[in-house]
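J.: Have a look; sequence and predicted model below, questions after that.
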Amino acid sequence: MDPAVAGQYVLNGLMLGMIYAMVAVGFTLFFGVLDVIKFSHGDVVMAGAFTALATLGGLSAGGVVSAAVLVVAATAVAVAAMALLGALIARTLILPLRNAPSLNTLLITLMLGLALREAVRLFYPNGSNPKPFPRLLPADAWSAGGFSLRADSAILLVAGLSAIVAVHLIIHRTRLGLAIRAVAQDPETARVMGVNFEAVVMITFGIGSALAALAGVGDALYYNEINFGMGLWLGVIGFSAAVVGGLGSLYGAILGGFLFAALQTVGAIWFAVPAYKDVFAFGAVILLMAWKPTGLIAEKSAERV
Amino acid sequence: MSATPGRSSLPVAVAGVAACAAACWAFLEAESQWVVAALAAGVLAALPVLDRTGLRARFDAAVHARRALAPALVVTAAFALALVLRDSHFALLMLASVALYVTVCLGLTLQFGFAGIANFAGAAFFGIGCYSAAILAANTALPHLLAVLAGGLAAAAVGSVLILPILRTRGHYAALVTIAFGILFRTFLEVNDVLGGPQGLKVPGMRILGWSFNDPPPLPGGVEASFYLNYVIVAVALAAGAFVLVKRIESSWIGLSFDAVRLDETAAAVCGIDIARWKILAFVLGNFLAGTAGAVYAMMSGFIAPNSFTFGDSLILVSIVILGGVGNPLGVIPAALLLLILPEKLQAIQEYRFLIYAVLVILILLYRPQGLLPRRLREYSAPGPRP
């Protein structure tokens, strides 16, 4: 293959992988603190993108024209709103079901995702149709041969990378992170040591959902289109990435995100019909699960009997 | 202890099923949206009352005491309903659909309620049954009864691909396997031109031994009826067969082994229970039931498309199982009735049906996690007569 074309594929794969990894990190954070899967996560991504779009609409109507201001403001509002939503979900749906079978939590969040999706479809103005998302990032391209790197791709890659690094630093370098890790390891002992369990859970869900909002805005800025169903797809892929990487592991989620993007890219190159790339990627996921049943980076904790 | 089963069990069970059937009739016949809404509110309000007064517990005990009672009553009620509503295409189509969904959900009960395998690809296995029946009925001279069987076998066979990953994974990891499969299946259907792509396939109507299902049934006395009555008969027979099978399995050693595997794999293995064997059996049998129901559904609806087998549809199936009470085969019947008929009748909420489903299931999980008819504990020292 022509190196320029190959480079283009790699770049696209990296972009996808970054978005998937951001979603997957959320899944892995939630699983870490409470051993639950919050399946509405993908729809929080979608809600984040729609919040950003609504904010943009409001700001434009208010007379703001600077693209930089618009992007920063919309992202900030989306991140803050989704962080609140995440904490609220933890408070009202996840914590009350703490002692129920884990499948109930999976189901309740699946249903919440469905509710969020339907709410946007029904109540967002003209929500059932795909919405154009304004192209706000500079589109100057740097090109060499057939390969071109657009400025917006570079900005999104750097922003995503810094967000993941920031989450990593919060988890591993701050007191809050220490509390999160303590709760992840052993909630009872963490409580005895004076950690406010419920607060930590809510903050963790807030952080994960903020990351989801970033992923949603990133996705919207990259594809310049959002729709109410985008979250289901991103959620399933993010979940697959987190599980394939190994639930509870931050690095596993990142690895899984990029791996899934790589699978899709390879599938897109191999098959003449592009849609087969997803058949290929999910088939590969099933095979990976058969080979490594607890993910590539297995959970460290011993089996609880 | 609750009410002792015995003399009083028959009238209680008959009254319970009859009340359910009457409610169904009222729903299906109601014309005005307000009447439907009032009925729905009445049913929901009746639930806690039935719980408080112990009537539900008595009904439970009654159907539990006599094994053959519940299926016999439900089948009788279904046919009575079908005869009363015989000239309404819509009502009979709904009844047949409910019976087919009940069959699929009984399969899921085997997998999820008994053996603890969460299957989030129920609609996919249903779809495999649909597509194989469609292809066989359109392109071969295979008798349609065998095509239905083939639909079940195809679903079981395709599902077998997942056995290895299902056995090796647990909990959330296992959930991913079925979710990935469901999505893979639907995407595959959409891009595969041989199977009609997104437009789907036409399916010929069912024909068994010269009895054409798409003609009005020859009722004695020249009574006219919708052709859907044929499908109601087949669908209810299928559901009843599945119900008896699932109940038999539950009360046998197999069911006990399933329970052990679900509740604690380690302990079950220590007791010498072959976990892999029982998980495979539950998974394959459940998919078989889903496939047979799908095959009948395809011939009944005459047209199938990938849009009917989405992840959302799989979720509806799982919600029926949860709403009915996980692991209680009888519970899926009222749950399926409620979740299928209500949105169809309330045209005003047709648009909102997924939202209402979602909120309903969330509320049930929060406030009544055991479902409408919770599963009973096994009793080995039950007093009273055994049939």
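T.: Yes, it's here.
J.: give me the low-pLDDT residue ranges for the stretch 51-200 of chain A?
T.: For the stretch 51-200 of chain A, no stretch is flagged by pLDDT under 70.
J.: For it, just list every one of the helices.
T.: Under the criterion DSSP state H, counting those that start in this stretch, the stretch 51-200 of chain A contains helices at A:67-89, A:102-123, A:151-173, A:175-185, A:187-192, A:197-223.
J.: Out of those, which is closest to chain B?
T.: helix A:102-123 (3.8 Å; Cβ to the nearest Cβ). The C-beta positions use only the backbone N, C-alpha and C, and glycine is treated the same way.
J.: Against which helices or strands is the closest one packed?
T.: When contacts are defined as 3 or more Cβ pairs under 8 Å, 6 or more residues apart in numbering or on different chains; DSSP states H and E, helix A:102-123 packs onto helix A:41-61, helix A:230-245, helix B:171-191, helix B:311-324, helix B:353-367.
J.: which strands and helices sit next to the lengthiest helix in chain A?
T.: Selection of the longest helix in chain A by residue count, based on DSSP state H, yields helix A:3-34. Contacts defined by 3+ Cβ pairs under 8 Å, 6+ apart place helix A:3-34 against helix A:41-61, strand A:147-150, helix A:151-173, helix A:175-185, helix A:197-223, helix A:230-245, helix A:250-270.
J.: ranking these by burial, who's on top?
T.: Compared across the helices and strands packed on helix A:3-34, helix A:230-245 shows the largest average neighbour count, a mean of 27 (mean count of other Cβ atoms under 10 Å in any protein chain shown).
J.: which residues does A:Ile108 contact?
T.: A:93, A:97, B:361-362, B:365-366 (Cβ atoms under 8 Å, 6 or more residues apart in numbering or on different chains).
J.: again with B:Gln370
T.: Here B:Gln370 is in contact with B:325-326 (criterion: Cβ under 8 Å, 6+ apart).
J.: And what about it, helix, strand or coil?
T.: Recorded secondary structure, B:Gln370: coil (DSSP: H, G, I helix; E, B strand; the rest coil).
J.: pretty sure B:Asp215 is in a strand, no?
T.: No - assessed with three-state DSSP, B:Asp215 is coil; it does not lie in a strand.
J.: count of neighbours near it?
T.: Neighbourhood size, B:Asp215 [other Cβ atoms under 10 Å in any protein chain shown]: 11.
J.: Of the contacts of A:Ile108, which is the most crowded?
T.: Most crowded among the contacts of A:Ile108, counting by other Cβ under 10 Å, is B:Val361 at 25 neighbours.
J.: Can you lay out the helices and strands packed on helix A:3-34 as JSON lines showing distance to B:Val270?
T.: What follows is the helices and strands packed on helix A:3-34, written out as JSON lines (distance: least, Cβ to Cβ, whole Å):
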{"stretch": "helix A:41-61", "distance to B:Val270": "37"}
{"stretch": "strand A:147-150", "distance to B:Val270": "59"}
{"stretch": "helix A:151-173", "distance to B:Val270": "38"}
{"stretch": "helix A:175-185", "distance to B:Val270": "28"}
{"stretch": "helix A:197-223", "distance to B:Val270": "33"}
{"stretch": "helix A:230-245", "distance to B:Val270": "28"}
{"stretch": "helix A:250-270", "distance to B:Val270": "31"}
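J.: Roughly how far does B:Phe59 sit from chain A?
T.: 25 Å (Cβ to the nearest Cβ, to the nearest Å).
J.: Over to B:Gly205?
T.: From B:Gly205 to chain A the distance is 32 Å (Cβ to the nearest Cβ).
J.: burial of that residue, as a residue count?
T.: 17.
J.: What backbone torsions are found at it?
T.: Main-chain dihedrals, B:Gly205, degrees, to the nearest 10: phi -70, psi 160.
J.: Report pLDDT for it.
T.: B:Gly205 carries a pLDDT value of 75.
J.: Mean pLDDT lowest where, among the helices and strands packed on helix A:102-123?
T.: When the helices and strands packed on helix A:102-123 are ranked by mean pLDDT, helix B:353-367 comes last with a mean of 80.
J.: quick one: contacts of that helix?
T.: So helix B:353-367 is contacted by A:93, A:96-97, A:100, A:104, A:107-108, A:111-112, A:114-115, A:117-119, A:122, B:312, B:316, B:319, B:322-323, B:339, B:343, B:349, B:371 (Cβ under 8 Å, 6+ apart).
J.: Any idea which residue of the stretch 1-150 of chain B lies closest to chain A?
T.: For the stretch 1-150 of chain B, Cβ to the nearest Cβ, closest residue to chain A: B:Ala118, 5.6 Å.
J.: Now do the contacts for that residue.
T.: Counted by Cβ under 8 Å, 6+ apart, B:Ala118 has contacts A:103, A:106, B:111-112, B:174-175, B:178, B:318.
J.: Name the pair among those with the greatest separation in space.
T.: A:Leu106 and B:Gln111 (15.2 Å; Cβ to Cβ).
J.: If you count surrounding residues, which of these two has more?
T.: Legend: neighbour count by other Cβ under 10 Å for A:Leu106 and B:Gln111, higher for B:Gln111 (28 against 22).
J.: Let me know the secondary structure of the more buried one.
T.: Reduced to three states by three-state DSSP, B:Gln111 is helix.
J.: give me the element the residue lying closest to it once chain neighbours are set aside is part of.
T.: Once flanking residues are discounted, B:Gln111 sits nearest to B:Gly286: 3.9 Å by Cβ to Cβ, 6 or more residues apart in numbering or on different chains. If you go by DSSP states H and E, B:Gly286 is part of helix B:275-301.
J.: Also compute the angle for that helix relative to helix B:171-191, please.
T.: 30 degrees (axes from the mean of the first three to the mean of the last three Cα atoms, to 10 degrees).
J.: pLDDT on helix B:275-301, on average?
T.: 92.
J.: List the buried residues for that helix?
T.: Neighbour counts over helix B:275-301 (16 or more other Cβ atoms under 10 Å in any protein chain shown) mark B:275, B:278-301 as buried.
J.: just the contacts of A:Ile108 now: which is nearest B:Ala99?
T.: Looking across these and measuring by Cβ to Cβ, the closest to B:Ala99 is B:Val361, at 22.0 Å.
J.: Quick check: the closest one vs B:Val326, distance?
T.: 12 Å (Cβ to Cβ, to the nearest Å).
J.: any residues in contact with both of the two?
T.: Contacts common to B:Val361 and B:Val326, judged by Cβ under 8 Å, 6+ apart, are absent.
J.: check contacts around residue 70.
T.: Unless you meant another one, I'm taking chain A. The contact partners of A:Leu70, taken as Cβ under 8 Å, 6+ apart, are A:56, A:59-60, A:64, A:134, A:136.
J.: my question was about chain B
T.: B:Ala70 neighbours (Cβ under 8 Å, 6+ apart): B:13, B:17, B:63, B:243, B:330.
J.: hang on, the earlier thing: what is the helix holding B:Gly286 packed up against?
T.: helix B:89-108, helix B:122-139, helix B:144-160, helix B:163-168, helix B:228-251, helix B:253-263, helix B:265-270.
J.: now with 6 Å?
T.: Using 3 or more Cβ pairs under 6 Å, 6 or more residues apart in numbering or on different chains; DSSP states H and E as the contact test, the elements touching helix B:275-301 are helix B:89-108, helix B:122-139, helix B:144-160, helix B:228-251, helix B:253-263.
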